[in-house]
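Asker: Coordinates only, no sequence provided:
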């Protein structure tokens with residue numbers, strides 16, 4: 001294993017445990033890259049200062065730079081953009097790579113974010129087309145119903161075209177994103193999305209990695225196509241694809 005990403009949920013709801021996991025990943029597992037995805041609301045400067053040596057990448061979810069739009073989406077209570085700006089400054093100060101994740105949806109696909117991206121200067125900006133998994137967030141007795149956020153492929157592409165000047169942008173339409181991630185849940189089961197669901201594999205606590213991987217539904221070609229391999233260590237300052245870096249050849 002070369003890279004591990006802590007996501008959620010919100011990892012910073014449990015900062016003590018998160019810190020232990022970060023330290024273990026870098027010191028015991030000696031991973032090339034350890035990253036976190038957060039909504040930013042619970043991040044404190046003192047945490048980043050104390051554990052900066054164990055974090056290569058901090059990715060913040062940012063769906064809009066208009067707070068009214070953020071509130072429509074359900075992202076924060078009007079202070080999200082200010083907090084993102086703070087975090088980007090802390091990352092620069094502590095040598096952590098700052099990344100943005102944006103879900104392009106019904107409420108933000110027409111937004112022009114160019115000025116803000118230029119100001120924040122993330123080393124990587126992931127832009128996802130909002131994805132509906134029928135048994136996960138597609139209504140019909142699911143815990144969440146995200147169908148109101150759906151956009152067409154052309155609407156997603158128009159957002160990408162509007163921001164294509166930024167070399168850090170990484171577009172992920174539905175057909176690229178759906179099966180290109182290896183996701184482990186809290187029981188150490190891979191989550192298989194191939195049937196519009198998140199069907200768990202056998203747990204790594206009970207079976208070997210090869211057995212679990214066969215149940216994961218992971219599309220290795222799609223992983224490479226979406227630039228899944230890149231300069232992910234903070235010791236490497238490049239932006240975007242790592243195709244020229246032989247150390248990352250698999």
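Answerer: Arrived safely. Bear in mind the structure is a predicted one, so any value in this text is a computation, not a measurement. Numbering: from 1, shown residues only.

Asker: Residue 191 and residue 183 touch, don't they?
Answerer: Yes. Contact criterion Cβ atoms under 8 Å: residue 191 and residue 183 qualify, at 4.5 Å. From N, CA and C alone the C-beta is placed, and that goes for glycine too.

Asker: what is in contact with these two at once?
Answerer: residue 198 (Cβ atoms under 8 Å, 6 or more residues apart in numbering).

Asker: Can you tell me the closest non-neighbouring residue to residue 124?
Answerer: Closest residue to residue 124 apart from its sequence neighbours, by Cβ to Cβ, 6 or more residues apart in numbering: residue 99 at 4.6 Å.

Asker: That neighbour should be in a strand, yeah?
Answerer: Yes. Under DSSP: H, G, I helix; E, B strand; the rest coil, residue 99 sits within a strand.

Asker: Against which helices or strands is the strand or helix carrying residue 159 packed?
Answerer: Element membership for residue 159, per DSSP states H and E: helix 153-162. In terms of contacts (3 or more Cβ pairs under 8 Å, 6 or more residues apart in numbering; DSSP states H and E), helix 153-162 is packed against strand 97-104, strand 124-129, strand 169-172.

Asker: Which residues outside whichever helix or strand comes after the longest one are in contact with it?
Answerer: What that stands for is strand 97-104. Using DSSP H and E, the helix or strand that follows strand 97-104 in sequence is helix 114-120. For helix 114-120, contacts defined as Cβ under 8 Å, 6+ apart pick out 65, 81, 84-85, 88, 98, 100, 125, 162-163, 165-166, 168.

Asker: Tell me the buried residues in helix 114-120?
Answerer: By 16 or more other Cβ atoms under 10 Å, the buried positions in helix 114-120 come out as 116-117, 120.

Asker: quick one: the residue nearest to residue 124 from residue 152, how far?
Answerer: 26 Å (Cβ to Cβ, to the nearest Å).

Asker: Tell me which of these two has more neighbours.
Answerer: Shown here are residue 99 and residue 152; by other Cβ atoms under 10 Å, residue 99 has more neighbours (22 against 10).

Asker: who does the more buried one bridge with?
Answerer: On the basis of DSSP bridges, residue 99 is bridged to residue 59, residue 124.

Asker: ok, longest helix in this protein?
Answerer: helix 80-94 (DSSP state H).

Asker: still on that earlier bit, gap between the helix holding residue 159 and the chain center?
Answerer: 20 Å (Cα atoms, centre = their mean, to the nearest Å).

Asker: Residues contacting it, please?
Answerer: Contacts for helix 153-162 (Cβ under 8 Å, 6+ apart): 104, 108-112, 114, 127, 129, 169, 171, 173-174.

Asker: List the buried residues in that helix.
Answerer: 156-157, 159-160.

Asker: same question, stretch 4-18
Answerer: 4-7, 10-12, 15, 18.

Asker: returning to what we had before: let me know the angle separating the helix holding residue 159 from strand 97-104.
Answerer: Angle, helix 153-162 to strand 97-104, by axes from the mean of the first three to the mean of the last three Cα atoms, to 10 degrees: 140 degrees.
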